[in-house]
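# please find the sequence and the predicted model below.
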Amino acid sequence: MSEDKTAEIVLALEIDAPALADRLTALLGNIPGLRLAAPGEQAAAAIVARDPRIMPEDIALTQRELDVLALMAEGASNKMIARQLGISVHTVKFHVGSLLDKLDATGRTDAVAHAARRGVIEL
């Protein structure tokens, strides 16, 4: 069997930051045997970098829930969260319950862990 020397690897770039995408395009464009995929073209592999501030589409958290989640990640109690955000403890409990449901978590720590794994927050 003869080896096809014209075979190339097609690589897709899915990067939110234009400067990084341009830099990688310039660097990867000169590698023999590697070709960057055209938009919509199927690729053998992909480099994906998303802006961590953009929430995954399957998780729709409100800004207030994100505020509560961030304070939960810092270890704040419901009372501390209420004071920090200027809301009642009852309202904090409501937001925590909503977060547990939306993140499919079993508790506060689990919610923070789920959120971090899914890119909703950074720890």
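It's in.

# where do the helices sit along the chain?
For the chain, helices defined by DSSP state H occupy the ranges 18-28, 63-73, 78-85, 89-102, 108-117.

# where does the chain dip in pLDDT?
1-6, 50-58 (pLDDT under 70).

# hey, which strand is longest across the chain?
strand 9-15 (DSSP state E).

# got the contact list for Pro92?
Quick fix: residue 92 is Val, not Pro. Residues near Val92 by C-beta atoms under 8 Å, 6 or more residues apart in numbering: 68, 78, 81-82, 85. For the C-beta atoms, the positions are set from N, CA and C on the backbone; glycine is no exception.

# so which of the residues you listed wins on neighbours?
Counting neighbours by other C-beta atoms under 10 Å, Val68 leads the contacts of Val92 with 28 neighbours.

# next one: stretch 113-123 to chain centre, how far?
Put simply, stretch 113-123 sits 7 Å off its chain's centre (C-alpha atoms, centre = their mean, to the nearest Å).

# can you show me the CA trace of it as PDB?
In PDB, the C-alpha atoms belonging to stretch 113-123 read as follows (Å, rounded to 0.1, in the frame of the first residue of the first chain):
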ATOM      1  CA  ALA A 113     -19.300  22.600  41.500                       C
ATOM      2  CA  HIS A 114     -21.800  22.100  38.700                       C
ATOM      3  CA  ALA A 115     -21.600  25.700  37.700                       C
ATOM      4  CA  ALA A 116     -17.800  25.700  37.600                       C
ATOM      5  CA  ARG A 117     -17.700  22.500  35.500                       C
ATOM      6  CA  ARG A 118     -20.100  23.900  33.000                       C
ATOM      7  CA  GLY A 119     -18.300  27.300  32.800                       C
ATOM      8  CA  VAL A 120     -21.000  29.400  34.400                       C
ATOM      9  CA  ILE A 121     -18.600  30.600  37.000                       C
ATOM     10  CA  GLU A 122     -14.800  30.500  37.500                       C
ATOM     11  CA  LEU A 123     -13.300  29.400  40.800                       C
END
